[in-house]
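In: Give me a model of this one.
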Amino acid sequence: MISVANVIEDGRLAGPQIRIADVAVRLKARGVRTVVIMPEQESESFRTRLAAGSTEIYTLPLHRPERRLSGLFRYLIYFPWEVLLLYRHFRTSKYSIVHCSGGAWQVKGVIAAWLCGTRVVWHLNDSSMPWFVRLSFRVFSQMTDVFVVARTRVKEYYLGQFSISKPVIEIQAPVDCSIFDPQKVVASKRLSRSKLNVVLVANINPLKGIEYFIEMAFKLNQVTTSTLEFYVVGPVYESQSSYAKKLRATIERTNLGNVHFLGPSSDVASILSAADIYVCSSVAEASPIAVWEAMSMAKAIVSTDVGDVRRFLVNGVAGYIVPPRSSEDLAKAVGSLATDPELRAQFGRKAREVALRNLDIAICAEKHLQTYLSLIQSSRSVAGA
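Out: Sure, this is the predicted structure:
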C-alpha cells in the first residue's frame with residue numbers, strides 16, 4: 001500500500017483543502033492511504049469534510065504567516081520547531097511520499113521530508129507571492145522530487161524563470177461532476193424564486209475581489225431595478241473580519257438591499273442549482289474550484305481572467321471572461337446574460353461538457369495516483385542501481 005502524508009499549513013476550507021479531501025477518498029479505493037497533516041486553528045469545516053470521507057487526520061500546531069507583524073513574527077519564531085515536529089512524525093510514521101499542498105510558502109513539510117529522506121511532491125497553486133517567498137523557493141525547490149502545478153500560469157510564475165530538472169505535472173483542481181449534476185440537485189430555497197439570481201461562492205478575502213462584485217451590483221441596479229438578486233456564499237474567517245466589515249459598510253452606504261451574504265454553505269450544489277448566472281470576480285486564482293463547480297452545474301458564467309479559466313471557459317462559447325478589477329466589464333457581461341435566457345442555457349450546456357471532459361474528480365485522482373506510482377518506481381530504480 002502507498003502511504004501518503006498530505007501536509008497543508010492552512011486549515012481554512014478552500015480549494016486546496018477540498019481537493020485534498022476529495023482525492024483522498026478516491027485514492028483510498030485504489031489502495032492509497034492518505035494522512036492529512038494540518039493545523040487545528042480555523043479548521044473545523046475542513047476536518048468535518050475529511051471525517052465524512054473517513055480520511056485520517058493528524059494535527060500539529062502549525063502557524064501560517066499573517067499580514068500583522070505579530071503574526072509574521074510568530075510564524076518565523078516557530079518555523080524551526082514546526083519543521084522538527086514534522087521531521088519526527090515522518091521518521092516514526094515512515095510514509096512512502098510526502099505531498100506538500102497549498103502553495104510556495106508552505107515549505108515546512110518539504111524541508112522535513114528532505115531531512116528524513118522521504119520522497120516529496122510539492123503542489124504549487126498560487127501566483128501572487130511576495131518577492132522573498134519566490135526567492136526562497138529557488139533554494140527549497142532543490143529539496144523536492146516532483147512539482148505539481150494547478151495551472152499553466154503557476155508553472156510559468158515559479159519554474160519559467162530558471163531551468164529545473166525535476167518533473168513538473170499539471171493537475172487541475174477537481175469537481176465531482178456526479179454530485180454537481182443539474183439533473184440531480186434540488187434548488188435551494190434560500191435564493192429568490194421570482195428574480196434572476198447572480199451568485200458568487202468564495203471565502204471572503206481580498207483575492208476574491210468581492211468589492212468589484214458589489215460595485216457590479218450597484219451599476220446593474222441603475223439600469224435593471226428590481227429584477228436581480230445578488231448572493232455571496234462563503235465563510236468569513238477571523239483573519240478577514242476587517243475586510244468583511246468594509247464590504248458590508250459599502251452595501252449599507254450604497255443602499256444595496258438586493259445584495260446578500262449567505263455565509264458558508266454545506267450544500268453549494270443546491271445554491272448553484274438556484275443560480276441563473278455565476279460570477280467569479282477574483283483578482284488572483286489558481287485553479288478555481290468554485291468556477292468548475294458552476295460549470296458542472298451548467299450555469300452561465302462570467303469570470304475575470306484568472307488562473308486557467310480562459311483555457312476551459314472559452315470566451316463567448318461557454319461564458320464571458322473579463323479583466324480583473326473591472327466592475328464595469330462585469331456589469332456589462334452579466335447585464336447581457338440577464339436579458340438572454342437562451343444564451344444562458346447555451347453557455348451552461350457547453351460549460352458542463354467542458355467540465356465533464358477536463359475537470360472531473362476521476363481525472364484529478366488518476367493523475368495523483370500516476371504521480372505517486374511514478375515517484376515510487378523511480379525510487380526503486382535508484383535503490384536497485
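In: From here on, just use CA atoms for contacts and neighbour counts.
Out: Noted.
In: Can you list the neighbours in contact with stretch 257-265?
Out: By Cα atoms under 8 Å, 6 or more residues apart in numbering, the surrounding residues in contact with stretch 257-265 are Ile214, Ala217, Leu228, Glu229, Phe230, Tyr231, Val232, Val233, Gly234, Pro235, Val236, Ile251.
In: My error: substitute stretch 179-190 in the last question.
Out: If you take Cα under 8 Å, 6+ apart as the criterion, stretch 179-190 is touched by Ala269, Ser270, Ile271, Leu272, Ser273, Ala274, Glu293, Ser296, Met297, Ala298.
In: Which positions within that stretch qualify as buried?
Out: Residues of stretch 179-190 classed as buried by neighbour count (16 or more other Cα atoms under 10 Å): Phe180, Asp181, Pro182, Val185, Ala187, Ser188.
In: Relative to Ser296, how far out is the first one?
Out: Which is Phe180. Here the criterion is Cα to Cα, to the nearest Å. By it, Phe180 lies 6 Å from Ser296.
In: Regarding Asp126, what is its secondary structure?
Out: Here Asp126 is coil, with the state taken from DSSP: H, G, I helix; E, B strand; the rest coil.
In: wait, isn't Gln41 in contact with Gly11?
Out: Yes. Contact criterion Cα atoms under 8 Å: Gln41 and Gly11 qualify, at 6.4 Å.
In: And these two? Which one has more around it.
Out: Between Gln41 and Gly11, counted using other Cα atoms under 10 Å, the more crowded position is Gly11 (23 against 16).
In: Look at the more buried one and report its pLDDT.
Out: Listed pLDDT for Gly11 reads 93.
In: Ok, the one 10 residues further on next?
Out: Among the per-residue scores, Ala21 holds a pLDDT of 96.
In: Which member of the contacts of stretch 179-190 is positioned nearest Tyr158?
Out: Nearest to Tyr158 out of those is Glu293 (Cα to Cα; 26.9 Å).
In: residue contacts, that closest one?
Out: Applying Cα under 8 Å, 6+ apart, one finds that Glu293 lies in contact with Val175, Asp176, Cys177, Phe180, Ala269.
In: any residues touching the lowest-mean-pLDDT helix or strand in the chain, and which ones?
Out: Across the helices and strands of the chain, mean confidence by mean pLDDT, DSSP states H and E is lowest for helix 152-159: a mean of 70. The contact list for helix 152-159 (Cα under 8 Å, 6+ apart) reads Leu124, Asn125, Asp126, Ser127, Arg134, Val149, Glu170, Ala286, Gly307, Asp308.
In: again, but for stretch 363-372
Out: Val23, Arg26, Leu27, Ile97, Ile169, Ile171, Gln172, Ala173, Pro174.
In: what about the fifth one, which helix or strand?
Out: In this structure, Ile169 sits in strand 168-170 according to DSSP states H and E.
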